[in-house]
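1. Output the structure for:
(2 chains, ligands or ions: 2)
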Amino acid sequence: MRDTLSTRFLGRTVLLAILALYTCYSAGPFLWIASMSLRTTSEISANAYALPETLHWEKYIEAWTGSNYGTYFWNSTIVVVSAVLALTIIGAMAAHCLARYRFPGNRVVLFVIFSTLIFPPQITIISLFQSLVEYRLYDTLLGLTLVYIAIQLPLTVYILEGFFARIPQDLYDAAKVDGYSHWEIFWKITMPVGMPAIATTVILNFINLWNEFLYAVVLITDESNRTLPLGVQKFMGDQLEDIGMISTGLMIAIVPVIVVYAFFSEKLIQGMTAGAVK
Amino acid sequence: MAVVTLERISKRYPGGDELAVDDVTFTVDDGEFMVLLGPSGCGKSTTLRMVAGLEAVSSGTLAIDGVVMNSVPARDRDIAMVFQSYALYPHMTARDNMAFGLKRRRMPAAERERRVAEVAEMLDLTPYLGRKPHALSGGQRQRVALGRAIVRDPKVFLFDEPLSNLDAALRVSTRNELIKLHQRLGATMIYVTHDQVEAMTMGTRICIMNRGRLVQVGPPLGVYRDPADTFVARFLGNPPMNLMEAAMLDGPTVRVGEATMPLPSRVDPSRLPRTGGRVTFGIRPEDLYEQPPADIAERTAPLPVRVTGIEPLGAETLLLVVPDNTEQEIIARVDRNSTARPGDRVVLGLDTASAHLFDADSGVTLDRH
Ligand SMILES: Nc1ncnc2c1ncn2[C@@H]1O[C@H](COP(=O)(O)OP(=O)(O)OP(=O)(O)O)[C@@H](O)[C@H]1O
Ligand SMILES: [Mg+2]
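-> Ligands and ions are numbered 1, 2, ... in the order given. Have a look, this model is predicted:
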């Protein structure tokens, strides 16, 4: 009895230590940038790791107004929010059909969708560029949104299909008997019951797309169409050696990700542990 | 008013090589409580799901009140179903679970509230209406599932083993509540179970299935007394009917082990095999007596046996016995004060009026109907 208790205690301690180390490892750089974002470059070069003495919040205003941050931010928001919205609805519908309906070739379709995940993005980017130019979507936010939907859809469908397939069939049968159509059942059963998985894909897609650089840099040229990652790059170029200002610019770009994560993370954790609990 | 008619219904699942339901025909009359009974995998759920419209009918005609339902989707059939898993919507409160079907039917909110409250009251669910399913006990979940069906006031209620997840005591009380509910609502109900006690106590009629086929339909005691074949004979009754090999002799009489006895009175002589032919002889444990009561003494035949085991159950005692000149152990249900000991040789009295004969090969009854 005492033996098992002390082994459990030891196990917990080791686990905690590992988690603490990992937290430092992943949160450290972020906190460092966060502290630098409130310090001036001369303060930073005096001591790179010190905590801010006076909080220079005005740097945020300076970073925002000193460049085109407003435009970048707005562009990113439009592109990412509409892409995530479309991904969630289209992805959930596709996953619902693949998980709930028996039709010939069901598994083949899923396999083809899944297999596109293994190709590196560089393979498709030239042909995507060509297609967008042809459809006059090159260097437009709409074009970038469509591309974003396309690249994130396979993973979205894959995650959601796995979760939806585990929702008990009886729920669907009960809803049918209660008088609901396929369309209504999707909205009233699959979406709410699948919420943990949907939150997972929303966070994943939002973070991936908010930080997306490769497609944006190839498919967007005009200053007025730049998204945040492109803006941050330009900002860093403009600010040259001004580490303090660059940190401030980076923080502005990161904040929405943190907000979205905080908002959906409870659902996300439910989603990740759903298999274990059931 | 609802009469459910199944006519030559068959079901083959895609990719399945055997028929899950094979040429089943029966009618459930208005207000009847029909129990579908059979061993696991015999096609009970499949039959019920076809009535519900959750599985397509492969061939045959399914009608409710004379209207063919084969291609009517589940949502337009006006049936309600209680599932073994209860299938409560996990994201909705008990109240919303019960109101879900009413919402779809565009019932005014006030009327809906009233119905839900009324049914909740009837099922003692009022204190739990605001809770979600995960915060309810198994029995409460079961009642919410039941309530969800009742508020709908459907033409037909379908139940697929709704009690099998409850513990023994709760199962008995819920069983009785369901019986009362049926009497009160007077609705047509089809109830699937593999529990013969449920079937015997709840059904106005029971419909016994085996390997996708319908074996026998009838009132519980009728089926118990006159089983259509050896499958039904052994499936209904606990302990099951004793079945022994027997031979036809002149007279005509039947020979079971050492004992020669007159033909069971219910047997149809025209269906018997010739003298010397084999038959299966069936006798229920309660129709074997250590001391036959006076009123049936003159129709009992002696069966000499060796006692191999005793199971005193309190209210009664089961004797495991081997009739002389056979290898087969059979069971006799005798008085609780029996003094028999293993190894004893006794002569049991066999009530020939309650004995059955079955065809030795097909197992089909040779009794008169
Ligand atoms: N979706 C399905 N696809 C293929 N075969 C199925 C399917 N559902 C059931 N079956 C088969 O059909 C037969 C009848 O199944 P069914 O579920 O109706 O049995 P049951 O009588 O309800 O059994 P239980 O008492 O175990 O619930 C079984 O052999 C089963 O394997
Ligand atoms: Mg079943």
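
2. list the helices and strands whichever strand or helix holds A:Tyr25 packs on?
-> Assigned by DSSP states H and E, A:Tyr25 belongs to helix A:2-36. Applying 3 or more CB pairs under 8 Å, 6 or more residues apart in numbering or on different chains; DSSP states H and E, we find helix A:2-36 packed against helix A:243-277. C-beta here means a position set from N, CA and C on the backbone, and glycine is covered the same way.

3. quick one: average pLDDT of the helix it packs on?
-> Helix A:243-277 comes out with an average pLDDT of 74.

4. Helices of the stretch 101-250 of chain A, start to end?
-> A:106-115, A:122-134, A:141-164, A:169-177, A:182-185, A:191-193, A:195-210, A:214-219, A:228-239, A:243-277 (DSSP state H, counting those that start in this stretch).

5. Dump the ones you listed to JSON lines, plus mean neighbour count and distance to ligand 1.
-> JSON lines is the format used below for the helices of the stretch 101-250 of chain A (neighbours: other CB atoms under 10 Å in any protein chain shown; distance: least, CB to the nearest ligand atom, whole Å):
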{"stretch": "helix A:106-115", "mean neighbour count": "13", "distance to ligand 1": "14"}
{"stretch": "helix A:122-134", "mean neighbour count": "13", "distance to ligand 1": "39"}
{"stretch": "helix A:141-164", "mean neighbour count": "21", "distance to ligand 1": "18"}
{"stretch": "helix A:169-177", "mean neighbour count": "22", "distance to ligand 1": "9"}
{"stretch": "helix A:182-185", "mean neighbour count": "15", "distance to ligand 1": "18"}
{"stretch": "helix A:191-193", "mean neighbour count": "17", "distance to ligand 1": "21"}
{"stretch": "helix A:195-210", "mean neighbour count": "22", "distance to ligand 1": "24"}
{"stretch": "helix A:214-219", "mean neighbour count": "18", "distance to ligand 1": "43"}
{"stretch": "helix A:228-239", "mean neighbour count": "19", "distance to ligand 1": "49"}
{"stretch": "helix A:243-277", "mean neighbour count": "16", "distance to ligand 1": "23"}
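
6. Columns distance to chain B on top of those, output as CSV?
-> Putting the helices of the stretch 101-250 of chain A into CSV (distance: least, CB to the nearest CB, whole Å) gives the following:
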stretch, distance to chain B
helix A:106-115, 12
helix A:122-134, 37
helix A:141-164, 14
helix A:169-177, 4
helix A:182-185, 8
helix A:191-193, 4
helix A:195-210, 8
helix A:214-219, 36
helix A:228-239, 35
helix A:243-277, 11
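
7. Quickly, which of those bottoms out on average pLDDT?
-> helix A:243-277 (a mean of 74).

8. hmm, back to that, pull out the buried residues from the helix holding A:Tyr25.
-> A:33-36 (16 or more other CB atoms under 10 Å in any protein chain shown).

9. and the closest residue to ligand 1 within the stretch 51-200 of chain B, how many neighbours?
-> Per CB to the nearest ligand atom, B:His194 is where the stretch 51-200 of chain B lies closest to ligand 1, at 4.7 Å. If you count neighbours by other CB atoms under 10 Å in any protein chain shown, B:His194 ends up with 17.

10. I'd like to know how far it sits from B:Gly237.
-> 15 Å (CB to CB, to the nearest Å).

11. Torsion angles phi and psi at B:Val334?
-> Torsion angles at B:Val334 (phi, psi; degrees, to the nearest 10) stand at phi -120, psi 180.

12. Over to B:Pro323?
-> Dihedral angles (degrees, to the nearest 10) for B:Pro323: phi -60, psi 140.

13. Now do the same contact list for the residue nearest to it when sequence neighbours are not counted.
-> Of all residues beyond its chain neighbours, the one nearest B:Pro323 is B:Gly257 (3.9 Å), with distances taken as CB to CB, 6 or more residues apart in numbering or on different chains. Residues counted as contacts of B:Gly257 (CB atoms under 8 Å, 6 or more residues apart in numbering or on different chains) are B:244, B:303-304, B:323-326.

14. Assess the claim that B:Gly138 and B:Pro162 are in contact.
-> No - taking contacts as CB atoms under 8 Å, B:Gly138 lies outside contact range of B:Pro162: 11.5 Å.

15. and the two? which has more neighbours close in?
-> A side-by-side neighbour count of B:Gly138 and B:Pro162, using other CB under 10 Å, places B:Pro162 first with 26 against 12.

16. measure the more buried one to B:Glu329 for me?
-> Applying CB to CB, the value for B:Pro162 to B:Glu329 is 37 Å.

17. Kindly report the same for A:Ile90.
-> Distance check for A:Ile90 against B:Glu329: by CB to CB, it reads 67 Å.

18. Do a quick rundown of the helices in the stretch 101-250 of chain B.
-> Under DSSP H, counting those that start in this stretch, the stretch 101-250 of chain B gives helices at B:109-122, B:138-152, B:168-185, B:196-202, B:220-225, B:230-235.

19. now the contacts of B:Gly257 as CSV including distance to B:Glu121, secondary structure and neighbour count?
-> Listed next are the contacts of B:Gly257 as CSV, based on distance: CB to CB, whole Å; DSSP: H, G, I helix; E, B strand; the rest coil; neighbours: other CB atoms under 10 Å in any protein chain shown:
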residue, distance to B:Glu121, secondary structure, neighbour count
B:Met244, 55, strand, 18
B:Leu303, 57, strand, 24
B:Pro304, 62, strand, 15
B:Pro323, 58, strand, 21
B:Asp324, 63, coil, 15
B:Asn325, 65, coil, 11
B:Thr326, 60, coil, 16
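
20. Out of these, flag the one nearest to A:Leu128.
-> Nearest to A:Leu128 among the contacts of B:Gly257 is B:Met244, at 80.6 Å by CB to CB.

21. Leaving out sequence neighbours, find the closest residue to that closest one.
-> Setting aside the residues directly before and after it, B:Met244 is nearest to B:Phe281 in space (CB to CB, 6+ apart), at 4.8 Å.

22. what residue lies at the spatial centre of chain A?
-> The structure's chain A has its C-alpha centroid closest to A:Ile207; by CA atoms, centre = their mean the separation is 2.1 Å.

23. Distance of it relative to A:Gln152?
-> Per CB to CB, A:Ile207 is found 11 Å from A:Gln152.

24. among the helices of the stretch 101-250 of chain A, which is nearest B:Gln84?
-> helix A:169-177 (7.9 Å).
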